[in-house]
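> Take this sequence and fold it.
(5 chains)
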Amino acid sequence: MTAYIPFIPAIPLLSSLIIILFGRILSKKIVAFLGVGSVSLSAIITIIAGINFISSTPENGSYTVTVWNWLTTGGFSANIAFSVDALSLIFCFVITFVGALIHLYSVEFMDHDEGFARFFAYMNLFVSSMLILVLADNLLLMYLGWEGVGLCSYLLIGFWYKEPENGYAARKAFIVTRVGDTAMIIGLFLLFINLGTLNINELMQQASLKWAVSSPLAILSAALLLGGALGKSAQLPLQTWLPDAMAGPSPVSALIHAATMVTAGVYLIARTHVLFALAPAVQAAVAVIGAATLIIAGFSALTQHDFKRVLAYSTISQIGYMFLALGVGAWSAAVFHFMIHAFFKALLFLGAGAVIHLLHHEHDMFKMGGLWKKLPIIFITFLIGSASLAALPLISAGFYSKDAILWFAWSSTNGSKWLWLAAYFGAFITSIYTFRMIFVTFFGEAKTEPTHKPGKLMTIPLVVLAIISLIGGFIELPENFGHFQIFSRFLSTTLPSVQLAGESHNELLFQILSAIASLLGIYLAYLLYFKKSSFAESFSNSQLANFFYKGWQFDWLYDKVFVKPLVWLSEINKNDFVDKIYTAIAKATEFLNSLLSRTQQGRLRWYVMVLTAGVVIILTFMLNL
Amino acid sequence: MTALDFICLAPFLLLASAPIIIMLTITITRNIKVVYGFSLLMFLLSFISLFIVAPYIPHVIAPLFIIDSYSLLFLAIIIFAGFLITILSYIYISQQGDDKEEYFIILFVAALGASVLVVANHFISFFLGLETLSISLYILVAYIKTRSYSIEAGVKFLVIASVASAFLLFGMGLIYTATGSMNFKGVASALGSLHALSPILLTGFVMLLVGIGFKLALVPFHMWLPDVYQGAPAPVTALIATISKGAVLAIALRFFMDIQGFNNQAIFIALSAIAIISMFTGNLLALNQGNLKRMLAYSSIAHFGYLLITLLAGSTEGIHSAIFYIASYIITTLGAFGIISLLSVCSGNADSIDDYKGLFYKNPFMAIVMSLAMLSLAGIPLTAGFIAKFYLVLAGVKSGLWLLAFSLVINSVISLYYYLRVVTTMFTTSDQVKPSTIPLMGNLVLVVIVIGILFLGILPAWVSDIIASLS
Amino acid sequence: MNTIFYIAGAIALLSSILAITNRNAIHALLYLILSLLSISVIFYILGAPFIAALEVIVYAGAIMVLFIFVVMMLNIGLEEELENKWLKPRMWILPSIIAAILLANLIYALRVLEHQTVTPQIIQPKQIGISLFTTYLLAVELSAILLLAGIIGAYHIGKQKKKIIHRFLKK
Amino acid sequence: MVTVSLEVQILFAGLLFLIGLVGLLVRRNIIFMLMSIEIMLNSAGLVFVIAGSHWAQADGQVMFIFILTVAAAEVSVGLALILQMYHHFKTLDADALNTLRDKNER
Amino acid sequence: MILLYLIIILMAGGVLAWLLGKRSAISSRIISLAAVSIDLILIIIAILQNGIPDDKKWIFEYSVSWIPKLGISLHLAMDGLSLLMLFLTFFLGLIAILISWKEIQKSVGFFHFNILWILSGIIGVFLSMDLFLFYFFWEVMLIPMYFLISIWGHENRIYASYKFFIFTQASGLLMFLAILGLYLAHGNATGYYTFDYQQLLGTTYNPTIEMLLMCGFLIAFIVKLPVVPFHNWLPDAHTEAPTAGSLILAGLMLKTGAYGLLRFVVPLFPHASQIFAPFGMILGVIGILYGAKLAFSQTDLKRLVAYTSVSHMGFVILGVYAFNELAYQGVVMQMIAHGISTGALFVLVGQLYERIHTRDINKMGGLWEQVPIMGTMGLVFAMASLGLPGLGNFIAEFLTLVGTFKANILMASLASVGLIAATIYSLRIVQKVFLGKKDNDYKMKDLSIREMVAMGSLVVAIIFIGLYPQPVINTAKPALMKTLNAKQEYYQSQKVDDSVILNNRTCSPDTRKLNK
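Below you'll find the predicted structure:
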């Protein structure tokens, strides 16, 4: 009864293959149909699978379907097998559902692009890879999906390949994430060598059986996996690729660089939570990294001019929250925030994409303005998304998900007030930059005129996502506030619930505090950017702002530390000094040749002389031996 | 002289009668074709006579000659080479110069001298054989006297060869003084302990070595070789490279094995040094050579450096490998010089490697033969040279001559460069494509050579079994 | 007898040295003939009368005459200036050194024979003849062929073709 | 008869040989070179005669006769070659004979 | 007998192609295509009839005496490893002939003669179970390759062909000496002189001699492989060779080196290999990183790809010296996957060169617009070369690295850095060639059907072994186990010695301290 599960990733893959092979002879309509249809079909299957799962939850919490044996040798075995549990179902749902909406949006967005078919081929391939990633029952297959999404991300960032910068951004994304991936694959080696399997369930069992808490191997392998997660999820110190990744088309940014792929790291950590639980130090590091990232990215978002870059930094920041949640052991809170974030961030990106699309590819927010009247639907949906991002109290979904994280950052056993403080401050900044965006873009005087109104294909996804962004939060309400926890209960079959340090009696206080932060942030943004306070002006010209603008100069640093040396390395020894050695040998022989050639000068007496001298030498030698 | 002696001397008598008969023919009429046909016939007859001799071996004609299976094999090689060289010579000589008929007289004398060397086991027959060969070679080298090259080569060859002969004689004299015998076996039995030879004997051996080393062109007695190779007419160069060297190697081997020279440390070290230096000098000198004949001369210096390994190995395997090596070397060298002389006929002089540019496109068959020859010289599988080198190295390492084997390997690598250069040149296109046709007999010679090279290279067991079974 | 050996030997060495140092080819050849004659004396007192005779007849008589013939033919007897140019004193240095080392080696090597003396034993021409025509018969035959080759070769190479020069090129 | 030690006799031959050798190495005139070779060959023959009389064998003298034969043949061919050489090179200078070489060789 | 037929068909086909080539070029193309296809079909039929036995026996064996006096025989045998290599050879051979259909217009007959003889030499190498025969074929494949480079190559072909030949020949001759040494060592020990591989397997030697002999074999194989610092012939040869030549060089000839390590070095010299293992691994890591670094520096596309071969082959030697099944399977996979992927990249470069007559990546850029199919192919193989999961190379690298990790964690980790390096250079290829602005005015046609068949089959192959490598693994397993067992058996028989060695090793630092 679970045999249909492989179709979830297979259908988009098939569609992608069809488009790749026959894309040039198929009409746009068919391509669009294939592209959107395949993902929608996957979404439907996912929902069916979800219903099945809920109606008959298996005892160990997951179904596994083995398609074929991938490779078995020397004690190693990996299957092409898909495993469905609560966690993967949630991810699948987000991927296919948001994916389907974004595909739909793309049909209009990419309408006039010559790479229409190519786009859908890549997008479908991405969806398929991402589904493989989340459905994989072993880490190797997961790694396949992991790299697959990396590839698609690369392809899609560099989609408009004629601009060299896009290509560089794509390469940067691939290479930076690949650094993390390499750490991850070493982690896989370590896990396999020590635990003898890469099957996730077995692995987790073995790990908890064989390894004590804080044993070096556990710490090392968790740290290595974390490396992979950091790369994909653009966390410190591997976050630099994501802002540049905005070079891709907006639907790509929405799907890959906001909603799904970048949260693969979250998925990985959640998936291997047993391992992280065995390595508290690493788990703490996850929390700290998350906290640091969310603040750093928040500040950077505050100073960006490019519409999409603001969103990109905000994505980094929001994933920081998820990491923070993972770090403090609030697994389901992290996944919940992932889901909500996926909705509202996809919405924001699609909205931003629509704006940019309609404004002749104008990316600079400060050249927009006053759009709320001209593009009302986009404005409203964008506002809803922003509210969610800024965690506007009560009405936005983001409030519930983020609030849970803030709360657990303080209250869980792994939490601390510093983490909370960072997250709290981050929330404050979030609402500033979010509404800075709103005020700058949609209010004030109009600087650029939109060409036309968005079509239905673009607005429907926006509206759908906006609705979810509003109501999505209600599936998981705090204990003191409705105590409606369908989400975490659903997840509890897979993920352990958070352990709180003390009593939860002051949760309300925290909710109020975070509401204040959010509102204060909005007010501040209002003062600074709607009222055009001179402080905003002077701040944006300051050194500090520039520092933030440049992403805390990480790029500069990496350029100096990695890129420059690499370029230098490639410049020196271009012709391989080893070759010189062999050339020297050849030269030496030639030299000997010329030396000897001089003896062969053609004079008879010299010949006799050599002959005689030879006799003398040999004779002298032999008589004296 | 018994009847058996005469039977055993049959090849020699045939070879010796040929010059007389040719001379008589010339007195009647000067007809090159008749002389040529007769020459071929005589070589053929003497080759056949080897089979007549075969049942009676080993046979000693005291005190000068010993006809055993070893000498018979060398005789076969020499006569076979002589046959092919006759064809090449005819094609070459019939197109240039005057008084062509005498050439064949001298050719037979040379072959006779070489044959005598092969069977000699006495200083007198050694010396006379060597001189018969040398004097005929002076004449043949300078045969086309209208060319200053030929004359220069002839003069140089004569002077240096005479010096070498003088050394050889002096050395023989010293050995004779010390031992009172001129027969190899006699010398060997009079030597006493080989580990401490008396200085006079050592001096004698060194001077003897000059004579032999000169003919084999081992360093430092090698300097004449490139000049003579270059100056001599191509078939004569082939003659020097094959018959002359083969015969001298044969006697050197016989003498060295009879006296068990490898047991003396001084001789062993000296010969090893000469071998190694010859390999390196030859190959290094050949490296940048633009003249094909000179290049082959240098390469031959190296090859005879390799061949010294068989002497030093001091085993029956060494001798077998020497015979196989010399056989394959001769067939290969004949291939190379065959092409040179055939091409010299078609399109003037074909000395310079540049003359071979684009040969593959002009005459693919010739280019392939040449390539085969070069690859065989370089010791690449499928060719005779590979198996020969294999036997040689095997014999060497079996006797523990690792240093020599190692330097052979290094030298094989160096030598590759220039052998490949020839091959490469033939396959580079040149604009001036003159179609060149070779006479039928020339083609036939090439075919025989190709078959020989490949046969020895692919099915060496037959020949090596023959070599092994005879001795 | 020993005195004769020494005297003849001294003359032979001296005249040989003079032969190789002389500028004039004819003079040198005459010195060489003198050397050969004195060697023939030594042959004689060593008990080889037949060889002594041969030395005079063939070497001094025939071969040297051949030389003189060629020298005369080429008319090079009086080119002493050229020889002076060719024979610079420093050219003697290296060959002499080599010869000296060789000599030293030879002396060292010959020490073995120090106390051996030649037992005076005259070998009659008849004995040689018998040896030549029985034991070494084949060698004699071979040397006949060798001489034949020498004759044919000398004839072929030495033969000069008259150069046919076009009349316009004639001076 | 002669009672000079064998050593001295051979040494005498050796000296003659060396004189010939030096002459060969020093003289540029090809005729002198040929003469020097004759001296060397002669001295080698001398060794054989000495040794032959030492061992009381005819073989040494037989060898001398063959040396003589060969020397004669060699000289005749050599002189013929000298004639041709003079014809081609217009000189008897042995050093002038250096046209045989490749362009790479100085 | 079938094994002999395989070789003979190719050789005869070569001669026939040459002879007919003078009359019509097309006929020699067809003949060579037919010869390779017949071989392929023949081997498939034979395998289908025979099946692959799971035990340690050969699948096919053929032996006839050649030079009996020296114990040399024409001993051909095939096991799983050889079978895989044979498949690869025929497959890539077909591709090579297909892609040179248009490219080669000069002396077509001779060209196909060379191709077929190279192939026959290569399968000879894979099948020989007599060391003399092995060396024979080892050399036989060089000459035609030399011709291939020096006649049909690019501008600098002469230099490259010399370099190729001299490097491989020099190392080959050292191996030749080692073979003779082995022959003598075995003969002296047992009194039975033979070149037969099976017989020589159990030879016992003293450690120094074993080391020396192993080095002789090793040098030949690591030059062929190639391993830094013996890699210098490769970039030149690959760059200058015609496309088919590069394909065969990279796809097949390098594999003979890897095959030699697995077949000869480790089983014949188990103890010396054990000692050499750390150095081998270090060489592997150096190769991976240094090759990648140089690949990144190149502007000549073909040269770049050539250096990636150096990098990829580093994994092979790394895996060989890990001495476990995983790594060995990885090595075999790497041999096949690299053969396909790098071969395909060379084919691609060849097709580009055919169209725009340059290999300089600075003169390319933005070609995707005109040749999207080619671009897709390029992308696939660039991804293969950077080890994207789902493609064959990933399986290879993963297994190799896991195996290595078992043996030596540090080396495996360093080698994994090579994955990042591979990403950098592979993406550079895609970026520089296909993406970016088009600032040139090349008019190019996309792949023709013939080219698409060739490339397409390569793509299918690389994806197939990436997703379903099990057949390959199963086929190779018995042979690899044999190689591994040879080592283990040796150690079981020598347990005492081994412990002594271990003790010595552990003791030595202490004694050193004491001495101080």
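> which residues touch the residue of chain E found nearest chain C?
Of all residues in chain E, the one sitting closest to chain C is residue E:69 (36.9 Å; C-beta to the nearest C-beta). Using the backbone N, CA and C atoms, a C-beta is placed for each residue, glycine as well. Residue E:69 makes contact with B:461, B:464, B:465, B:468, according to C-beta atoms under 8 Å, 6 or more residues apart in numbering or on different chains.
> Name the SS class of residue 60, please.
I'll assume chain A. For residue A:60, the assignment made with DSSP: H, G, I helix; E, B strand; the rest coil gives coil.
> wait, I meant chain B there
Per three-state DSSP, residue B:60 ends up strand.
> That one and chain D, how far apart?
17 Å (C-beta to the nearest C-beta, to the nearest Å).
> That residue bridge partners, please.
Per DSSP bridges, the residues bridged to residue B:60 are residue B:66.
> my read: it touches residue B:120, true?
No: using C-beta atoms under 8 Å, residue B:60 is not in contact with residue B:120, being 11.8 Å away.
> the more surrounded of those two?
Applying other C-beta atoms under 10 Å in any protein chain shown to residue B:60 and residue B:120 shows that residue B:120 carries more neighbours, namely 26 against 16.
> nearest spatial neighbour of that one, skipping sequence neighbours?
In space, and not counting its chain neighbours, residue B:120 is closest to residue B:126: 4.6 Å by C-beta to C-beta, 6 or more residues apart in numbering or on different chains.
> Give me the phi and psi angles of residue A:70.
Main-chain torsions, residue A:70, degrees, to the nearest 10: phi -80, psi -60.
> Neighbours of the residue of the stretch 251-400 of chain A found nearest chain B, how many?
Chain B sits closest to residue A:252 of the stretch 251-400 of chain A, with a gap of 53.9 Å, by C-beta to the nearest C-beta. Neighbourhood size, residue A:252 [other C-beta under 10 Å]: 30.
> so which strand or helix has it?
When elements are defined using DSSP states H and E, residue A:252 is found to belong to helix A:250-254.
> anything in that helix near chain E?
No: contact of helix A:250-254 with chain E is not found when judged by C-beta under 8 Å from any C-beta of the partner chain; the minimum separation is 15.9 Å.
> where along chain C do the helices fall?
Assigned by DSSP state H, chain C shows helices spanning C:2-21, C:25-45, C:49-54, C:64-74, C:80-86, C:93-110, C:125-133, C:137-158.
> Save the ones you listed as a markdown table, and put in mean neighbour count and mean pLDDT too.
Putting the helices of chain C into a markdown table (neighbours: other C-beta atoms under 10 Å in any protein chain shown; pLDDT from 0 to 100) gives the following:
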| stretch | mean neighbour count | mean pLDDT |
| --- | --- | --- |
| helix C:2-21 | 18 | 91 |
| helix C:25-45 | 22 | 91 |
| helix C:49-54 | 20 | 91 |
| helix C:64-74 | 17 | 86 |
| helix C:80-86 | 14 | 73 |
| helix C:93-110 | 18 | 90 |
| helix C:125-133 | 15 | 90 |
| helix C:137-158 | 21 | 91 |
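> Identify whichever of these lies nearest to chain E.
Among the helices of chain C, helix C:137-158 sits nearest to chain E (C-beta to the nearest C-beta), with 36.9 Å.
> Can that closest one be said to contact chain D?
Yes: under the criterion of C-beta under 8 Å from any C-beta, chain D is reached by helix C:137-158 at C:139, C:143, C:146, C:147, C:149, C:150, C:151, C:153, C:154, C:155, C:157, C:158.
> Pick the one among those closest to chain A.
For the residues of helix C:137-158 next to chain D, the residue nearest chain A by C-beta to the nearest C-beta is residue C:157; the value is 17.8 Å.
> excluding its backbone neighbours, what's nearest that closest one?
Per C-beta to C-beta, 6+ apart, closest to residue C:157 is residue D:80, 4.2 Å.
> The one you found: how many residues sit nearby?
25.
> hang on, it packs against residue C:160?
No: judged on C-beta under 8 Å, residue D:80 makes no contact with residue C:160 at a distance of 10.1 Å.
> ok, back up a step: which one of the helices of chain C lies nearest to residue A:495?
Ranking the helices of chain C by proximity to residue A:495 (C-beta to C-beta) places helix C:93-110 first, at 98.0 Å.
> Can that closest one be said to contact chain B?
Yes: using C-beta under 8 Å from any C-beta, helix C:93-110 reaches chain B at C:105, C:106, C:108, C:109, C:110.
> does the third one really touch residue A:623, like I thought?
Spelled out, it's residue C:108. Yes: at 6.1 Å, residue C:108 counts as touching residue A:623 under the criterion of C-beta under 8 Å.
> Can you name the residues of chain B that neighbour chain A?
Checking chain B against chain A by C-beta under 8 Å from any C-beta, the hits are B:155-156, B:159-160, B:163-164, B:167, B:199, B:202-203, B:206-207, B:209-210, B:214, B:219-221, B:223-224, B:226-227, B:265-267, B:269-270, B:274, B:281, B:284-285, B:287-288, B:414.
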